[in-house]
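*Asks:* Structure for this input, please:
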Amino acid sequence: MNADFAAIANLLTTSLHLQQPPIALSFSDSLPTGVPTHSGRAPAGCRFWEDAAAGAFATTAANHSSCAIGVYTHNLQPSPEQQTDLMDALKVFADLGYVTQEDLPLIPVLTSQPKYVVYSPLARAPLSPDVVILFVHANQTLILSEATQQVENQVPPAMGRPACAVVPQVMNTGRAALSLGCCGARAYLDVFSDEVAVFAIPGAKLAEYAERIAVLARANAVLTQFHGIRRQQIEAGQTPTVKDSLAALGA
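*Replies:* Next up, the predicted model:
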């Protein structure tokens, strides 16, 4: 099983030229054998996406104690303190006009209530992933949007705040989604720079996505060269046909 995940992780990484490894998220009611619980504190649940690049670990609601929003979107059992934090955060958001009362029903929340969330590099996933997280740039999302159209006959939604809501969005719908993040995630994650977004793939469709991404990445590489040649030809005053540009591509 792990060998398959390793091969898929390698295919995704090489096809998209990923700078960060694909991250696997799995929801479980029991702690997998050999997987430690997360040590230390994290400012938000999304930070676990970055920490997971170093190895597998599991979290409970207690590990999310600093992020009432993440507890809410992942439907983890909140403590009284977390519930108070959530209400306080929503009040601040409302006062700022950041989140209105009408917005709340539109924020995805996991329909199940897991005891553990397991994070790991996809290549070393201890469980079959429910969601796979990719940190991507705009040119990579081009390929991913094309893959979504072919795999799911749709384009992926581009989501905003909160970044963690992309996980329940994918879990609840079984469809991929793009997250543009939120100001919190961009503050808490070093890898979430201004040029980066998050693309989340449903684990059940991971192999199909990886295959389409590999094909589309190769096609995009060839077509990028083709269009570059046509630009040069046209800027040089030529009037090339498609066959002319193809011939130049093959030369």
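
*Asks:* all strands of the stretch 101-250 of the chain, in order?
*Replies:* Using DSSP state E, counting those that start in this stretch, the strands of the stretch 101-250 of the chain run over residues 116-121, 131-136, 158-159, 177-179, 197-202.

*Asks:* would a markdown table of those with mean neighbour count, distance to residue 226 and mean pLDDT be doable?
*Replies:* Where you see a C-beta, it was placed from the backbone N, CA and C, and this is true even at glycine. As requested, those are exported to a markdown table (neighbours: other CB atoms under 10 Å; distance: least, CB to CB, whole Å; pLDDT from 0 to 100):
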| stretch | mean neighbour count | distance to residue 226 | mean pLDDT |
| --- | --- | --- | --- |
| strand 116-121 | 23 | 35 | 94 |
| strand 131-136 | 24 | 23 | 96 |
| strand 158-159 | 17 | 28 | 91 |
| strand 177-179 | 24 | 27 | 95 |
| strand 197-202 | 24 | 26 | 96 |
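
*Asks:* Export the ones you listed to JSON lines and append columns for distance to residue 31.
*Replies:* Converted to JSON lines, the strands of the stretch 101-250 of the chain look like this (distance: least, CB to CB, whole Å):
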{"stretch": "strand 116-121", "distance to residue 31": "6"}
{"stretch": "strand 131-136", "distance to residue 31": "19"}
{"stretch": "strand 158-159", "distance to residue 31": "30"}
{"stretch": "strand 177-179", "distance to residue 31": "27"}
{"stretch": "strand 197-202", "distance to residue 31": "23"}
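
*Asks:* if we compare the ones you listed, which one ends up closest to residue 233?
*Replies:* Taking CB to CB, strand 131-136 is the member of these nearest to residue 233, at 31.5 Å.

*Asks:* angle of that closest one against strand 197-202?
*Replies:* 150 degrees (axes from the mean of the first three to the mean of the last three CA atoms, to 10 degrees).
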